[in-house]
Every structure is written in structure tokens, then in C-alpha cells.
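> got a sequence here, can you build the structure:
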Amino acid sequence: MAKATEVRDMSDEQIRLTWKEAAENLFRLRIKSQTERIEVPTELRKSRRLIARCQTILRERELAATAKSASEAKTAAAAKPEKVAAK
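A predicted model of the protein is given here:
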């Protein structure tokens, strides 16, 4: 399983792919746990945590991009002089 630092080094597309693979693995493990015995029961927990890591890091990047664009918009608005209507 990937640690948080390893996931942070990945691109967004790689993280989404890892997330998808972990979700499919979790699905298979849940089905397997209902029908037969799982060799390593901690795999369920590891898959859930990997999914959570991927979601968290993607959300952090999304919020950082939003904050960056908001601060750029704010500085651009502050740099523009306001037009004064002539009477």
C-alpha cells in the first residue's frame, strides 16, 4: 500500500487510477469475505485507508487550486482602478 508521501508524489491521474484500483480491490475483498475466508483480513482496512488517502490528497489539491485562483482574482481586482462615472 502506498504511503501518503508516495501518493502526494503522484499526478492527479495516477492518484485517480490508484483510487479506482483500490475501490475495485475493496469490492472484491468484501464479496470474498462474504463467500469465503480471506487470507489477510487487514487487506480490507488497507484498501479503505488507501481510498481515503487518495480522496484527501485530491481534495487538498482542489482546495489549494481554488484558494490560489481566488487570491489571484483578489489581487487582480485590487490592481484595477475603479472607473468613476462622470456627471
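
> do you have the helices of the chain handy? List them.
Secondary structure of the chain (DSSP state H): helices at 4-8, 12-35, 42-79.

> make TSV out of the ones you listed and add mean neighbour count and mean pLDDT.
All C-beta spots, glycine's among them, are computed from the backbone N, C-alpha and C. As requested, the helices of the chain are arranged in TSV below (neighbours: other CB atoms under 10 Å; pLDDT from 0 to 100):
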stretch	mean neighbour count	mean pLDDT
helix 4-8	13	90
helix 12-35	14	96
helix 42-79	13	90
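
> show me the residue at the heart of the protein, geometrically.
By CA atoms, centre = their mean, the chain has its centre lying nearest to residue 58, at 2.1 Å.

> any idea how far that residue lies from residue 74?
According to CB to CB, to the nearest Å, residue 58 stands 25 Å off from residue 74.

> got it, and residue 6?
For residue 6, the distance to residue 74 - CB to CB - is 34 Å.

> ok, back up a step: list the contacts of the closest residue to the residue nearest to the centre of the chain other than its chain neighbours.
Spatially, and ignoring its direct neighbours in sequence, residue 58 is nearest to residue 15 (5.8 Å; CB to CB, 6 or more residues apart in numbering). Applying CB atoms under 8 Å, 6 or more residues apart in numbering, we find residue 15 in contact with 7, 54, 57-58.
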